[in-house]
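[1] build me a structure from this.
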Amino acid sequence: MTFLHQSSDSSRMRPLSPSSAATSSWPPVVAAASVGGVYTQTKRSMLRNNERQRFDPRTLAQETIRPFEYLNSEAIKSELESLQETHPKFITLGSSQDWYDLPTAGTANDCPFDSSVTGCKNYIMIIEDPSVPDPSVLAEVFLSGSVHGNERIGPTTVMETARLLVESAECEALPRSKSDISEEEWEDDVRKAKDCRSKLQKQGIFPWARRWMARLVSTRRIVVVPSANALGYYQNKRTEGSIDPNRDFAFDQENWSHCMRTIAGRTINEVYREHMFQHSLTFHGGMVAIAYEWGAPSRNTPKGIPSPDDTAQVELGFGLSNYAGSFTPSSEGYKYPHDSMNNLVYPVNGGMEDWAYGGSWDLDLVSPCTPTTFGGYDKSKTTYNNATLRAFNVLIETSDNKQPAPNTLGTDEGLFNEMAGNGNGHISRNIRLAQMMIDTVEPYVSVLAVEDIILPDDIVPLSNRGGRACLSTNVVAFPKGTKKVEVFWTVGGSFTIDETRVAYGTWDVAFSGLMDCSTQPKKVADLFTESIKLTSTQSGRTRWHNSGASPSSDSTWLKEEVGGSIPYGPIFSAIIDLSEYNVGDKVAIMPYAKVDQNWKNQPETTDPEVPPQSHVVNARTNPDWHFESAGKVVQGRLDWVSSPLTIEIGPEGVTPEIKNARLSPSGESLPTGAPVPSSPRPSGEPLPTGAPVPSPLVAVTPDSKSKEQSHFWAFLLVPLAGVAGVFCFVKLLRRRNTSGRGAVEVIEMRANDAFNEFAQTDAYRDDESGSGSFT
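    I've put the predicted structure just below:
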């Protein structure tokens, strides 16, 4: 047998003889053995490899496929009320009539289901996680389904997007912290969690997708107006009455009494005044296009002259087109072309898109509106501060036909594939498009795994993430004497990863008092002391980049979990040196990243000739950018930090495990995730460009081991490892530990939902003694 050991320079692996392997590793029973030709490292790894042969997450298939169908006005209202009733903690539902005291458009013959008013209500849904420590800093996204009432793809798209988001968040929030509820409630939560995970997985929402959408809900505020032109949508007419709502905004108007004449325009205006949206999507129809600013006649000389934020807009357009994909027939589902509205569509006065982008800073084209319809509209409502209107408001022209045939809407088959699945259609691809806009509104960094342990989700909806809560909710224990471990992380919400690395050290020595679990610092250096340790700098690309993710997941041993328990995207790795830490030390592991610095670059000529003006560009390139409005804050920064992982140093001989106090009834740590079933990384695998060479599972020599003891274990136990492993495997199959049932079920749900109940319960538990020895 040949064993691999990490050499002292952490860059090469050398052969290790069986006897020396036994003398240089822990747990004290056996370091490594070959059972049936499969390399294993401890009892736990042996069982994982056996299970890998039986349960491969890559073989999972979507069991149910649902075709998308148009929602009419009454169905939208019913679905909104159903979502609010089912997910009240995530959804706030209202209307512009209830919230802003706007009148309704229409007569008693319109929208009869809105029985409390005459005409049609304009419904507004806000999706956010109420447990966010500081809601004022949430990145905000606006989704508009229908400004033109006869363009029918958008309303169903935004409703389906909202449903997927809140169902995933609600499911991921379960079970609640065991310390906060009764045992009966806990067991009920576990049952609900298993049921909803199973249901979502059958629909093709595998663990990574569920966690991804739950993250989006818990880290953004998403405002949805399914049909701003509620009257037009009910009547299936472009206009509200006789007025086009997409010529009704306070930007580049020829007559300032001709804006804010519609309830549709006023509804959107009131919503924007209460937020600082960074990203916005507005769905239309009549052609196929992804179009961005400029789209105003006064910003079209020469034709198609770029906006100050053109670099970012171009890259975003590429990404959206790629992710939305195409479908057959090609005459109907060809890939979205993308360019500025002035180039690809046509310029308009009073368009919503340019108003939302430039209304707070391009003041030559802005003036208060003075309409007379519906009793007038106060001029102060269209007098804007310098913060409100700086969004990327992307126009999606969904189809050449404003109401495509029902059989072209698509299904949810493969909806979350990296590339568009077989079910792609008009609704499917625009759901994907909306999800990408929500994701890319703000960068994020997330730790995926340490050594061979895939971590549970670091963002759990409805959970406490304030202060240093992650010190008890995101912890992995390693024994004293562990020399080096490998940490894996990913970066999302962006395109180009200019720099990323890991900062680490003990919480109270290497990090300042500003360090917590959720706050993004203005300057990452403010979190560090002189004792901080930093790994080498790496760079790459996210999944949204036109050239694809890098480092590719294929470069790591995690590649088989991508699309199952690991998200699509780049996977970085670094070696962390733990040799200097002592029992009881809590070592914070915090990857961070600088992204999309090319967005501050500009074409040779822009109109006007000013620096980038959008919130979304400056939030990631300009640390001096700071705006506040309506209780919301946008703060620029260069670096984005992860929620820290804590490595807790335990006594020698302790088995590495995930510890998570949020699942404990009285502070006793219970595991919330199981290590990844895997065999070691083949030594010939390609490595990420610029990344440290990944190590195998690190073999550690405990100082307390005598030479005689090591030889004893080597000669006695290595030859018996195969027999002992089989015996232990059979016993574990038969064992039922009812006292630990709740923890075992959470292991199943939190770690690797791809496996069945057996693969994630008894087979991953240590024996009752907790010694890590063979039974």
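[2] the helices in the stretch 101-250 of the chain, which residues?
    Here the stretch 101-250 of the chain has its helices, by DSSP state H, counting those that start in this stretch, at 153-172, 183-202, 207-219, 230-235.
[3] which strands or helices does the last one pack on?
    With contacts taken as 3 or more C-beta pairs under 8 Å, 6 or more residues apart in numbering; DSSP states H and E, helix 230-235 sits against helix 73-86, helix 263-273. C-beta coordinates here come from the backbone N, C-alpha and C atoms, glycine included.
[4] with distance to residue 330, mean neighbour count and mean pLDDT added, can I get those helices in a markdown table?
    Rendered in a markdown table, the data for those read as follows (distance: least, C-beta to C-beta, whole Å; neighbours: other C-beta atoms under 10 Å; pLDDT from 0 to 100):
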| stretch | distance to residue 330 | mean neighbour count | mean pLDDT |
| --- | --- | --- | --- |
| helix 73-86 | 31 | 17 | 98 |
| helix 263-273 | 34 | 26 | 98 |
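[5] among those, which comes closest to residue 134?
    Of all the helices and strands packed on helix 230-235, helix 263-273 sits nearest to residue 134, with 21.5 Å by C-beta to C-beta.
[6] counting by contacts, list what the closest one packs against.
    Packed on helix 263-273, when contacts are counted by 3+ C-beta pairs under 8 Å, 6+ apart, are helix 96-100, strand 139-144, strand 220-225, helix 230-235, helix 352-358.
[7] residues in contact with the second one: which ones?
    With contact meaning C-beta atoms under 8 Å, 6 or more residues apart in numbering, strand 139-144 is reached by 154, 158, 161-162, 219-225, 228, 268, 271-272, 275-283, 352, 356, 391, 393, 434, 437-438, 441-442, 619, 632.
[8] which stretches of the chain have low pLDDT?
    1-60, 661-775 (pLDDT under 70).
[9] turn the helices and strands packed on helix 230-235 into TSV, columns for distance to residue 363.
    Putting these into TSV (distance: least, C-beta to C-beta, whole Å) gives the following:
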stretch	distance to residue 363
helix 73-86	37
helix 263-273	17
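[10] include distance to residue 519 and mean neighbour count when you put the helices of the stretch 101-250 of the chain into a markdown table, please.
    Shown next, in a markdown table, are those (distance: least, C-beta to C-beta, whole Å; neighbours: other C-beta atoms under 10 Å):
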| stretch | distance to residue 519 | mean neighbour count |
| --- | --- | --- |
| helix 153-172 | 21 | 25 |
| helix 183-202 | 29 | 16 |
| helix 207-219 | 13 | 25 |
| helix 230-235 | 40 | 27 |
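[11] and of those helices, who's closest to residue 345?
    Going by C-beta to C-beta, the one of these nearest residue 345 is helix 153-172, 15.7 Å.
[12] which residues touch residue 312?
    Here residue 312 is in contact with 392, 596, 599, 612, 614, 616, 617 (C-beta under 8 Å, 6+ apart).
[13] and of these, the nearest to residue 128?
    Nearest to residue 128 among those, with distances taken as C-beta to C-beta, is residue 616, at 18.2 Å.
[14] neighbours of that closest one, just the number please.
    Other residues near residue 616 come to 25 when the count uses other C-beta atoms under 10 Å.
[15] in this structure it contacts residue 278, no?
    Yes. At 4.2 Å, residue 616 and residue 278 qualify as touching, with contact defined as C-beta atoms under 8 Å.
[16] so for those two, which residues contact both of them?
    Joint contacts of residue 616 and residue 278 (C-beta under 8 Å, 6+ apart) are 391, 392, 441.
[17] could you measure the first one against residue 140, distance?
    For residue 391, the distance to residue 140 equals 9 Å [C-beta to C-beta, to the nearest Å].
[18] same thing with the last one?
    Distance of residue 441 to residue 140, computed by C-beta to C-beta: 8 Å.
[19] repeat for the second one
    Spatial separation of residue 392 from residue 140 under the definition C-beta to C-beta is 12 Å.
[20] center of the chain, which residue is that?
    In the chain, the residue lying closest to the centroid (C-alpha atoms, centre = their mean) is residue 212, at 3.8 Å.
[21] how close does that residue sit to residue 226?
    Residue 212 is 23 Å from residue 226, by C-beta to C-beta.
[22] repeat for residue 590
    On the measure of C-beta to C-beta, residue 590 and residue 226 end up 40 Å apart.
[23] what does residue 619 give?
    Where residue 226 is concerned, residue 619 sits at a distance of 27 Å (C-beta to C-beta).
[24] ok, these two, which is more surrounded?
    residue 226 (28 against 24).
[25] neighbour-wise, give me the winner out of the shared contacts of residue 616 and residue 278.
    Most surrounded of those: other C-beta under 10 Å gives residue 391, at 28 neighbours.
[26] these two touch, right, that one and residue 278?
    Yes. With contacts counted by C-beta under 8 Å, residue 391 reaches residue 278, the gap being 6.0 Å.
[27] now do the shared contacts for the two.
    Joint contacts of residue 391 and residue 278 (C-beta under 8 Å, 6+ apart) are 614, 615, 616.
[28] which residues are in contact with residue 245?
    By C-beta under 8 Å, 6+ apart, residue 245 lies in contact with 147, 148, 228, 229, 232, 239, 262, 264, 265, 352.
[29] so how far is residue 145 from the closest residue to it other than its chain neighbours?
    Spatial nearest neighbour of residue 245, chain neighbours left out: residue 264 (3.8 Å); criterion: C-beta to C-beta, 6 or more residues apart in numbering. Applying C-beta to C-beta, the value for residue 264 to residue 145 is 11 Å.
[30] before we move on, what about residue 359?
    Taken as C-beta to C-beta, the span from residue 359 to residue 145 is 21 Å.
[31] neighbour count winner among those two?
    residue 145 (26 against 22).
[32] and that one, how far from residue 463?
    For residue 145, the distance to residue 463 - C-beta to C-beta - is 31 Å.
[33] thinking again about what came up before, any common contacting residues for residue 392 and residue 140?
    278, 279.
[34] and the helices and strands packed on helix 263-273, which is most packed in?
    helix 352-358 (a mean of 29; mean count of other C-beta atoms under 10 Å).
[35] from the rest of the structure, what touches that helix?
    142, 144, 147, 245-246, 249-252, 265, 268, 272, 277, 280, 282, 291-296, 299, 307, 309, 341, 365-366, 389-395, 613-614.
[36] please point out which parts of whichever helix or strand residue 503 is part of sit buried.
    Assigned by DSSP states H and E, residue 503 falls within strand 496-506. By 16 or more other C-beta atoms under 10 Å, the buried positions in strand 496-506 come out as 496, 497, 498, 500, 501, 502, 503, 504, 505, 506.
[37] any idea which of these is closest to residue 180?
    residue 506 (28.9 Å).
[38] contacts only, for the residue nearest to the centre of the chain.
    168, 439, 567.
[39] redo that, cut-off 7 Å
    Contacts for residue 212 were tallied using C-beta atoms under 7 Å, 6 or more residues apart in numbering; they are residue 567.
[40] same question, the one 4 residues further on
    With contacts defined as C-beta under 7 Å, 6+ apart, the neighbours of residue 216 are 165, 438, 439.
[41] mind listing what the first one touches?
    Contact partners of residue 165, counting by C-beta under 7 Å, 6+ apart, are 127, 213, 216, 217.
[42] to residue 637, which of the helices and strands packed on helix 263-273 lies closest?
    By C-beta to C-beta (comparing all of the helices and strands packed on helix 263-273), the closest turns out to be strand 139-144, at 12.3 Å.
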